[in-house]
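Asks: just a sequence and a predicted model for now, questions to come.
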Amino acid sequence: MKHFLKLLDVSPKEIEEILNLADQLKYENKHNIAHPHLKGKSVGLIFHKASTRTRVSFQVGVYQLGGQAVVLNPGETQMDRGESIADTARTLSRYFDGVMIRTFGQHIVEEFAAVGSVPVINGLTDFEHPCQVMADLMTIREVKGTLEGLKLCYIGDGNNMANSLIVGGLKTGMKVSVATPKDYRPAPEILDFAQSYSSFELLENPLEAAADADVLVTDVWASMGQEGEAEIRRKAFAGYQINRETLSAARGDAIVLHCLPAHKGEEITEEVFEANAHVIFEEAENRLHAQKAIMTLLMRG
Ligand code: CP
Ligand code: NVA
């Protein structure tokens, strides 16, 4: 593994290796056992979109690994004034041992990785949110003891979260069912990938998708960059909500995940969110451990 750009590129064996190391790093973190795998290294954290969890968990994660993080917020680099991705990548590769990028098009992280000479991690693009889904898989495995054979159901927009969950779920042996309105399906490349799995179902009816699910996941109806479509989307997604009724279609011991931030009253009810808050905030914590594992595997040298 040279980069971590999308789960489509990551093998099931590599996913397992990341999850196992993440568990170990979480254990070491809880027991104050030092793990300075990035001692003396510098990691760039580039943001073209807002962030709470990704920004803080990466910065704290690099520190806990013995390295230093340099955070470049939206509007702070020459890239935001038109300097090319290629020139930025060739420059920053001279300073950093690795770079995390949160941006719009997937092509930006791909080009950065192709032209630069250090590992690149996707901290969310419009296409995938692979770090989040590694934390989600870690959380499901912690709670359920396994991933293989479980049913994961995603309800809502066929966005970056849907794309990464489909790939991550199928690659780890889960059954994956997805319910989206027909104009908001996951990306064609993702559906091409999923097509070869008999354990994949793409539906329009949320209750049908939720039937006997072990894990229910949703995400906002309008992602970053889609603020102007919020009103149209509110109409298109009415009914694509995780609520009491959705939960009653799922297994009695089903858990609910949400990558956050949540829009309660839209994609999830406050009641269901709060009843699952213990899992949802563990999921948020697991960003830290999963990303430390990814950085260690890519940058330890
Ligand atoms: N889930 C997630 O990526 O959160 P932030 O947007 O706060 O980083
Ligand atoms: N789909 C959301 C996820 C936020 C973490 C977005 O891209 O805004």
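Replies: On my side now, so go ahead. Ligands and ions are numbered 1, 2, ... in the order given.

Asks: the closest residue to residue 127 other than its chain neighbours: neighbouring residues, count only.
Replies: Nearest residue to residue 127, sequence neighbours excluded (Cβ to Cβ, 6 or more residues apart in numbering): residue 106, at 3.8 Å. All C-beta spots, glycine's among them, are computed from the backbone N, C-alpha and C. The tally of other residues near residue 106 (other Cβ atoms under 10 Å) stands at 20.

Asks: which residues touch residue 106?
Replies: Residue 106 makes contact with 5-6, 122, 125-128, according to Cβ atoms under 8 Å, 6 or more residues apart in numbering.

Asks: can you do 7 Å?
Replies: By Cβ atoms under 7 Å, 6 or more residues apart in numbering, residue 106 lies in contact with 6, 125-128.

Asks: now render these as JSON lines, adding secondary structure, distance to residue 72 and neighbour count.
Replies: JSON lines is the format used below for the contacts of residue 106 (DSSP: H, G, I helix; E, B strand; the rest coil; distance: Cβ to Cβ, whole Å; neighbours: other Cβ atoms under 10 Å):
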{"residue": "6", "secondary structure": "coil", "distance to residue 72": "22", "neighbour count": "22"}
{"residue": "125", "secondary structure": "coil", "distance to residue 72": "16", "neighbour count": "24"}
{"residue": "126", "secondary structure": "coil", "distance to residue 72": "19", "neighbour count": "19"}
{"residue": "127", "secondary structure": "coil", "distance to residue 72": "21", "neighbour count": "23"}
{"residue": "128", "secondary structure": "coil", "distance to residue 72": "21", "neighbour count": "28"}
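
Asks: tell me the secondary structure for the residue nearest in space to the middle of the chain?
Replies: The residue lying closest to the centre of the chain (Cα atoms, centre = their mean) is residue 132, at 2.3 Å. Following DSSP: H, G, I helix; E, B strand; the rest coil, the label given to residue 132 is helix.

Asks: kindly report the same for residue 75.
Replies: coil.

Asks: which pair in the contacts of residue 106 has the greatest spatial separation?
Replies: 6 and 126 (11.6 Å; Cβ to Cβ).

Asks: in the chain, which spans are helices?
Replies: In the chain, the segments counted as helices under DSSP state H are 12-30, 53-64, 85-92, 106-115, 130-144, 160-171, 188-195, 206-210, 230-236, 244-249, 270-275, 277-299.

Asks: how distant is the first one from the center of its chain?
Replies: This points to helix 12-30. Centroid separation for helix 12-30 versus its chain: 16 Å, with Cα atoms, centre = their mean, to the nearest Å.

Asks: swap in the shortest one?
Replies: Using Cα atoms, centre = their mean, the mean C-alpha position of helix 206-210 is found 22 Å from that of the whole chain.

Asks: coming back round to it: residues contacting the residue nearest to the centre of the chain?
Replies: Taking Cβ under 7 Å, 6+ apart as the contact definition, residue 132 lies against 161, 164, 259, 287.

Asks: per-residue confidence at it?
Replies: With respect to pLDDT, residue 132 scores 99.

Asks: ditto for residue 301
Replies: Confidence score, pLDDT, at residue 301: 79.

Asks: so how far is residue 125 from the residue nearest to the centre of the chain?
Replies: 12 Å (Cβ to Cβ, to the nearest Å).

Asks: show me which residues of the chain are close to ligand 1?
Replies: Proximity of the chain to ligand 1, by Cβ under 6 Å from any ligand atom, involves residues 51-54, 124, 132, 259-260.

Asks: show me which of those residues are buried.
Replies: 51, 53-54, 124, 132, 259-260 (16 or more other Cβ atoms under 10 Å).

Asks: ok, back up a step: could you say which of the helices of the chain is packed most deeply?
Replies: Compared across the helices of the chain, helix 160-171 shows the largest average neighbour count, a mean of 27 (mean count of other Cβ atoms under 10 Å).

Asks: stretch 46-57 near ligand 2 at all?
Replies: No. Judged by Cβ under 6 Å from any ligand atom, stretch 46-57 stays clear of ligand 2, getting no closer than 7.2 Å.

Asks: now that stretch, how far from the chain's geometric center?
Replies: Distance of stretch 46-57 from the chain centroid (Cα atoms, centre = their mean) equals 12 Å.

Asks: what residues does the stretch 51-200 of the chain have near ligand 2?
Replies: Counting by Cβ under 6 Å from any ligand atom, the residues of the stretch 51-200 of the chain that sit close to ligand 2 are 124, 129, 159-161.

Asks: what's the closest of the residues you listed to residue 273?
Replies: Nearest to residue 273 among these, with distances taken as Cβ to Cβ, is residue 161, at 15.9 Å.
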